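Participant: Could you look at this predicted model? Sequence included:
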Amino acid sequence: MKIAICDDKKVFLDVLSRIVETEFNKLRLTPEITTYMTGEAFLAHHKLENFDVVFLDIVMPDMDGFEVAKEIRKISRDTYVVFVTTESNLVYDSFDFRPFNFIPKGSVDNLNNRVSHVINKLVKDIEYNVPIKLELPYDETRYIKPKDILYVKSRSNYIYFVLCSSEAIQLRGKIDNAVQLLPSRLFARIHNRIIVNMQHIAKIDHPNSTILLDNKEKLEFSRAYKQSISEAYNSFMREFS
C-alpha cells in the first residue's frame, strides 16, 4: 500500500508519519510511506505513480489541501483522501472532494487515537471493496469485490465463486488458486474444498461442524480445520467488528 503524507510543518509531518506506520504495523501491514511538505511536490509524484492513500493538511501556503484534493480527483478518483487540520470549520467545505475521513490536529495522545480509528476503518474499507480480478474462459475478465463473495468451493478442476446474489462464477483452477486471490484477513479455509468469507458468518456450530451464513445457508467444515477456523474468526472479529 502506497501512502503519502503532506504537511508543511516538518515536526508534525515526522510525528504523523511514525504514528501512521505504527498503526499499519499493528494490523500486520507494511505500508510504503512518502512525506511531502508541499502540495506541488506531492502532485508531481502522484501524477507519475498514484498513491493509494494521502493524509493531507488543509491549511498550507501556496497550494492548500482543497486545491491539492481537486487535482487528485482529476488524476485518480480511487485515491483515499484523509484531511488533517486544526480548522474544524473547514470540514464541511471539504465534502466536494469526497474525503474518506478527517484527523484533527491536537495532542499526541488524541492524534494516536484518531489515526488508529481512521486506519482501521480505511483497511476495512479497502479489503472489502477493492475488486479482485478473475480470469475467465475465452480471455474474459471479471472484477468482484471481496464483500460480495459468500464462499468459494472447488469441484474437480474448477472453482466456483458463490456471490451474495446467488450467482456462481466458474473458472478452471484449484482451490489454492483462490487462496492466493482472496484477502487472508477476511477469508478462512474451512475444508479442503471450501473457503468462506468471515464477513458473512452468522454462527459457527462446533458440535455439528457447520457454519451458518447470513443468507441462512449452511456449510460443513472438516475437523482438520476446526481450530484454525476459530482462531481466524476470533482474529477477524477483533479487527473488523
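Facilitator: Perfect, thanks for sending it. Numbering: from 1, shown residues only.

Participant: Lys203 reaches Asp214, doesn't it?
Facilitator: No. Here Lys203 lies out of contact with Asp214, judged by CB atoms under 8 Å, at a distance of 9.5 Å. Every C-beta, even on glycine, is put in place using the N, C-alpha and C of the backbone.

Participant: Tell me the secondary structure at the most centrally placed residue in the chain.
Facilitator: The centre of the chain sits closest to Ile126, judged by CA atoms, centre = their mean, with a distance of 2.2 Å. What DSSP: H, G, I helix; E, B strand; the rest coil gives for Ile126 is helix.

Participant: Who are the contact partners of it?
Facilitator: 1, 52, 80 (CB atoms under 8 Å, 6 or more residues apart in numbering).

Participant: can you pick the most crowded of those residues?
Facilitator: Top of those by neighbour number is Tyr80, holding 20 neighbours under the definition other CB atoms under 10 Å.

Participant: Just list whatever residues bridge to that one.
Facilitator: On the basis of DSSP bridges, Tyr80 is bridged to Val53.

Participant: Using TSV, please lay out the contacts of Ile126 together with distance to Tyr143.
Facilitator: Listed next are those as TSV, based on distance: CB to CB, whole Å:
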residue	distance to Tyr143
Met1	19
Asp52	17
Tyr80	19
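
Participant: Redo those residues as CSV? Include distance to Val118 and pLDDT.
Facilitator: Output for these, formatted as CSV (distance: CB to CB, whole Å; pLDDT from 0 to 100):
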residue, distance to Val118, pLDDT
Met1, 14, 86
Asp52, 14, 93
Tyr80, 10, 93
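
Participant: Next, the buried residues of the host helix or strand of Ser17.
Facilitator: Applying DSSP states H and E as the criterion places Ser17 in helix 10-26. By neighbour count with 16 or more other CB atoms under 10 Å, helix 10-26 contains the buried residues 12-13, 15-17, 19-21, 23-24.

Participant: same check, this time on stretch 199-219
Facilitator: Using 16+ other CB under 10 Å as the test for burial, stretch 199-219 gives 199-201, 204, 209, 211-213, 219.

Participant: hmm, who's touching that stretch?
Facilitator: Contacts of stretch 199-219 (CB under 8 Å, 6+ apart): 128, 147, 150-151, 164, 186, 190-191, 194, 196, 220-223, 226, 229-230, 233, 236, 240.

Participant: so how far is the first residue of it from its last?
Facilitator: Terminal residues of stretch 199-219 are spaced 14 Å apart (CA to CA, to the nearest Å).

Participant: which SS class is the closest residue in space to Val81 that isn't next to it in sequence?
Facilitator: Leaving aside its sequence neighbours, Val81 sits nearest to Pro99 (CB to CB, 6 or more residues apart in numbering; 4.8 Å). Three-state call for Pro99 (three-state DSSP): coil.
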